[in-house]
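Trainee: structure of the sequence below:
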Amino acid sequence: QVNLAESGGGSVAAGGSLTLSCAASDRMYYSHCMSWFRQFPGNDREGLAAIDRDRRTSYVDAVKGRFTISPDSAGNMVYLQMDSLKPEDTAMYYCAAGGLFSLLESYYSYWGQGTQVTVSS
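Mentor: Predicted coordinates for the structure are as follows:
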């Protein structure tokens, strides 16, 4: 059974940093593309960052230069380092695993339960 579990969300002041963690079962990083998405209330999920097992990465323009996706060496964890946070980054953040290197939600089959990030001005 595939399991993804996010942690590390919370509240932070604008300009601050948070690191989100995604615990993945069965060393999923080595068999799937791993990504981070976020969702604003009433909206679809937005792809933020993706990484494949060759460490190829892709970022949406809104977070490029501020967020960094990375795995651990065992392939069981994927992190999202978020720096220079803005109030508009406030959202629910999700970890996802899929078979294609993409930031499109439709390519991802496995999802965590989400972790809330709130950035105050």
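
Trainee: got the contact list for the residue nearest to Asn3 when sequence neighbours are not counted?
Mentor: Nearest non-adjacent residue to Asn3, counting by Cβ to Cβ, 6 or more residues apart in numbering: Ser25, 4.3 Å away. All C-beta atoms are positioned from the backbone trio N, CA, C, and that covers glycine. Residues near Ser25 by Cβ atoms under 8 Å, 6 or more residues apart in numbering: 1-4, 76.

Trainee: next up, phi/psi of Ser25, please.
Mentor: The phi/psi pair for Ser25 (degrees, to the nearest 10) reads phi -80, psi 160.

Trainee: before we move on, what about Asp89?
Mentor: Dihedral angles for Asp89 - degrees, to the nearest 10 - are phi -80, psi -10.

Trainee: just checking, it touches Ser120?
Mentor: No. Assessed by Cβ atoms under 8 Å, Asp89 is found out of contact with Ser120, at 10.9 Å.
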